[in-house]
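Enquirer: Mind folding the following:
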Amino acid sequence: MDSSPRELKHRILSFFSSRPRHRFSLNEIQKAMGTDSQGVSAVLKELCREGALVRLKKNHYAIPGGQGVLVGKVQGHPDGFGFLIPEDRGKEDVYLNRREMRRVMHGDRVMVRMEKQRRGGVEAHVIQVLERGQQRLIGTYQSLFGKGALVPMDPRVGRPLQLAGNLPSVEEGQVIAAEIVRYGTALSRPEATLVEVLGNPDDPEVQARAIVFRYGLPTAFSPESLKQAESCPPSIDAKTLASRVDLRWLPTVTIDGEQARDFDDAVSVQRKDGRYLLYVSIADVAHYVKPESPLDLDAYERGTSVYFPDRAIPMLPEALSNGLCSLNPGEDRLTKTVLLEIDPKGEILKTEFFAAVIKSRRRLTYTQVRRVVADGDPEERERCRDLLEQLSLMEELASVLLKSRWARGNLDFDLPEAEIILDIQGLPENIVRAERNIAHRIIEEFMIAANEAVARYLTQRGIPLLYRVHEEPKQDTLEELAPFLLSLGYRPPLKRGKTSPKEIQRILDDCRGKPEERVLNRVLLRAMKQARYAPENIGHFGLASACYTHFTSPIRRYPDLLVHRALERAMSGVKLKPKEKDDLTGALEEIGRNTSERERIAMNAEREMVDLKKAQFMMDKIGEDFAGFIIDLAPFGFFAELETYFVEGLVPMKSLLDDSYHYYEKEHVIKGRRHGKTFRIGDSVWVRLIRIHAFRGELEFELVQKG
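Expert: Numbers count the residues shown, from 1 in each chain. So this is what the prediction gives:
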């Protein structure tokens with residue numbers, strides 16, 4: 001039986017999953033697949049490269065876990081040894097000695113074999129590096145043994161790397177950026193080439209550029225892409241206008257943050273016969289960015305825009321992201337518009353989609369809308385007097401939609417984020433908790449409704465698309481949390497079969513307003529899997545949605561742009577042949593993997609930049625004491641968040657000198673072995689800031705007193 005490589009891969013994985021403790025020869029696998037083609041060998045090699053299977057002696061294959069083989073990520077230690085953190089959460093961390101660590105680096109995804117030793121005990125040996133965690137490194141320049149070397153800023157990465165080739169004039173201690181050209185072996189050190197001399201390690205701009213480099217964020221568009229963006233006509237021609245639904249009469253507004261520069265969604269609400277008419281208009285980026293064009297290739301490479309406190313790296317050139325595709329007030333703009341007819345219970349009665357032209361009446365901020373709707377601020381209401389009815393209807397409809405989503409079990413984590421307040425020079429002058437108010441709720445509810453409507457429409461018509469999927473948490477992950485939840489008086493969300501979002505939301509509702517609220521939100525969120533993009537619809541657990549996609553942000557997310565193209569295809573009535581559908585689905589699978597990875601990279605870079613700004617802000621506060629509370633525990637210490645500023649740092653276990661402390665993971669407690677003193681999440685502490693690792697955005701505290 002012939003199969004495509006993708007189908008064959010799924011069949012082989014299913015075959016092994018049903019026999020997890022068995023090993024099979026190549027002939028046995030080919031017989032089970034019903035083919036003796038070379039395609040089986042090629043797929044087996046790919047699965048071994050990915051770590052899904054392991055090749056054993058005599059050309060046999062098996063699932064790693066059942067053969068004394070583990071797959072996981074390497075976590076390095078400054079002293080040269082390391083640990084393997086298994087992907088199977090049921091397995092304990094594995095010690096890697098210094099000899100094994102010579103072949104790998106912190107962050108590598110590897111496969112190890114556990115082997116029994118003659119003297120007793122088990123030792124781990126790295127048998128395959130599946131994915132390198134480090135390609136680009138930031139460090140300081142040092143001359144070692146007469147040769148230039150990079151000393152990594154992150155001590156977990158390991159030993160200094162020799163720099164190959166001719167070196168420019170570099171001063172000792174300057175920050176440099178390098179790319180690894182040869183990884184270490186048991187007998188040789190890793191080697192890198194110098195890419196750029198960044199400058200003084202104390203310079204905040206150097207620290208920010210280091211993050212951009214380390215994550216490989218593209219900062220320049222291709223000349224062809226820029227030329228194409230600049231050549232887009234600044235006004236809409238008569239032919240295009242005539243082909244679209246004219247919605248310029250609607251009281252449409254954008255609602256975004258104060259610092260937002262690109263506006264890709266605008267909304268309007270009408271009331272008709274006791275029902276709501278919700279118009280969600282999204283910038284028609286697909287009109288300007290065509291498949292395989294220079295703009296499209298650059299956007300795909302980025303995958304998403306990246307937003308830092310003091311700058312942004314957009315997915316599209318500024319001529320589009322802040323110009324033609326941005327729904328700026330008073331400007332005619334092309335959109336894809338979703339019209340939803342909604343009853344008072346939040347049920348969607350009717351859905352329409354059309355290419356439209358709109359003109360935003362006003363650019364509103366979340367703060368403005370809150371002042372009008374929630375605070376009843378007289379001055380703000382006067383400034384928005386022509387929109388008062390609109391905003392009142394929006395608040396009313398958002399409440400209806402939210403109640404409907406809560407009824408089906410939508411998860412609502414409440415974890416405040418940091419807002420960095422910058423001074424004129426772009427340096428942090430304060431760190432506060434970002435506000436989340438009714439205006440945020442309005443936009444969230446309207447965007448979710450539009451995303452679901454588009455996903456349903458395309459699915460019903462059999463149009464391949466990238467879904468936004470979110471798998472349910474693993475049962476064993478929730479089981480690990482059970483003792484901790486029970487210790488706080490909460491019933492674990494464990495049921496036979498599948499866990500529903502309602503069970504988890506029940507805990508979030510029960511702890512609201514209590515001291516442990518933040519802790520439980522953090523712990524339960526960590527138990528969730530990460531949402532991703534995929535062409536197979538497996539639903540969105542967090543939103544309790546059976547069918548969901550991303551459609552509402554095509555200026556800053558590539559998957560949304562693809563969904564716009566799919567919607568365009570559906571609206572025009574184009575019918576795809578079965579072969580075309582299969583080819584498109586296969587392409588979407590690779591695009592989904594890439595865009596999910598680019599999203600993770602952007603999120604990590606954004607988080608690290610926020611941590612860097614926090615570290616910069618705290619630099620002149622070393623030696624000061626602060627009140628705080630414990631937000632997380634680890635084998636190496638606990639993390640405390642300050643009450644004065646929205647920042648957190650580590651109190652290392654080794655700094656707790658009054659006892660010998662141990663972290664009991666299942667009970668979520670650090671406890672002294674002699675005196676029984678405990679540290680739990682939520683405990684009040686007084687800490688002193690003693691050290692800042694600026695390049696890692698890490699603060700180190702010492703305990704002054706508990707409570």
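Enquirer: how about stretch 127-145: buried residues?
Expert: 128, 129, 130, 133, 134, 137, 138, 139, 140, 141, 142 (16 or more other CB atoms under 10 Å). Bear in mind the C-beta positions are built from the backbone N, C-alpha and C, glycine included.
Enquirer: can I get those residues in CSV with pLDDT, secondary structure and distance to residue 25?
Expert: Output for those, formatted as CSV (pLDDT from 0 to 100; DSSP: H, G, I helix; E, B strand; the rest coil; distance: CB to CB, whole Å):
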residue, pLDDT, secondary structure, distance to residue 25
128, 84, strand, 20
129, 88, strand, 26
130, 85, strand, 23
133, 88, coil, 33
134, 89, coil, 37
137, 92, strand, 42
138, 92, strand, 47
139, 92, strand, 47
140, 92, strand, 52
141, 93, strand, 53
142, 91, strand, 52
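Enquirer: Can you tell me which of those residues is closest to residue 488?
Expert: Proximity of the buried residues of stretch 127-145 to residue 488 (CB to CB) peaks at residue 133, which lies at 35.1 Å.
Enquirer: ok, and the closest non-adjacent residue to that closest one?
Expert: Nearest non-adjacent residue to residue 133, counting by CB to CB, 6 or more residues apart in numbering: residue 107, 2.2 Å away.
Enquirer: can you tell me the helix or strand for the one you found?
Expert: Assigned by DSSP states H and E, residue 107 belongs to no helix or strand.
Enquirer: element containing the residue most central in space within the chain, please.
Expert: Centroid-nearest residue in the chain: residue 600, 4.0 Å away (criterion: CA atoms, centre = their mean). Assigning secondary structure by DSSP H and E places residue 600 in helix 578-618.
Enquirer: Who does the residue nearest to residue 434 when sequence neighbours are not counted form a beta bridge with?
Expert: In this structure, residue 434 finds its nearest non-sequential neighbour in residue 419, 4.1 Å apart by CB to CB, 6+ apart. Residue 419 forms beta bridges with residue 432, as assigned by DSSP bridges.
Enquirer: who's in contact with residue 419?
Expert: Residue 419 sits next to 431, 432, 433, 434, 435, 646 when contact means CB atoms under 8 Å, 6 or more residues apart in numbering.
Enquirer: Compute the number of surrounding residues for the residue nearest to residue 420 when sequence neighbours are not counted.
Expert: Of all residues beyond its chain neighbours, the one nearest residue 420 is residue 309 (3.9 Å), with distances taken as CB to CB, 6+ apart. By other CB atoms under 10 Å, 21 other residues sit near residue 309.
Enquirer: if I look at the closest residue to residue 586 other than its chain neighbours, how far off is residue 43?
Expert: Once flanking residues are discounted, residue 586 sits nearest to residue 6: 5.8 Å by CB to CB, 6+ apart. Separation of residue 6 from residue 43 (CB to CB, to the nearest Å): 9 Å.
Enquirer: Looking only at neighbour counts, state which of those two leads.
Expert: Per other CB under 10 Å, whichever of residue 6 and residue 43 has more neighbours is residue 43, with 23 against 14.
Enquirer: Does that one fall in a helix, a strand, or a coil region?
Expert: helix (DSSP: H, G, I helix; E, B strand; the rest coil).
Enquirer: coming back round to it: would you quantify the distance from the residue nearest to residue 586 to residue 655?
Expert: Counting by CB to CB, the gap from residue 6 to residue 655 is 52 Å.
Enquirer: can I assume residue 410 sits in a strand?
Expert: No: per three-state DSSP, residue 410 lies outside any strand segment and is coil.
Enquirer: ok, residue 403 - contacts?
Expert: residue 346.
Enquirer: for it, helix, strand, or coil?
Expert: Applying three-state DSSP: residue 403 is helix.
Enquirer: what does residue 83 give?
Expert: strand.
Enquirer: Repeat that for residue 370.
Expert: Under three-state DSSP, residue 370 comes out as helix.
Enquirer: Need the per-residue pLDDT for it.
Expert: Residue 370 carries a pLDDT value of 96.
Enquirer: okay but it is in contact with residue 442, surely?
Expert: No: the pair residue 370 / residue 442 is not scored as a contact, 10.0 Å apart, by CB atoms under 8 Å.
Enquirer: Which one of these two is surrounded by more residues?
Expert: Counting neighbours by other CB under 10 Å for residue 370 and for residue 442 shows that residue 442 has the greater number, 26 against 19.
Enquirer: Can you give me the buried ones in stretch 533-541?
Expert: Buried, per 16+ other CB under 10 Å, within stretch 533-541: 533, 534, 535, 537, 539, 540, 541.
Enquirer: and what of stretch 85-93?
Expert: Result for stretch 85-93 [16+ other CB under 10 Å]: buried residues residue 86.
Enquirer: domains in the protein, as residue ranges please.
Expert: Annotated domains of the chain cover 5-65, 68-131, 136-201, 223-469+542-608, 475-528, 622-706 [automatic domain parsing].
Enquirer: Of all those, which one is nearest residue 209?
Expert: It's domain 136-201; of the domains of the chain, that one is closest to residue 209 (CB to CB) at 5.7 Å.
Enquirer: How far does that closest one sit from its chain's centre?
Expert: Remark: domain 136-201 is offset 29 Å from the chain centroid, using CA atoms, centre = their mean, to the nearest Å.
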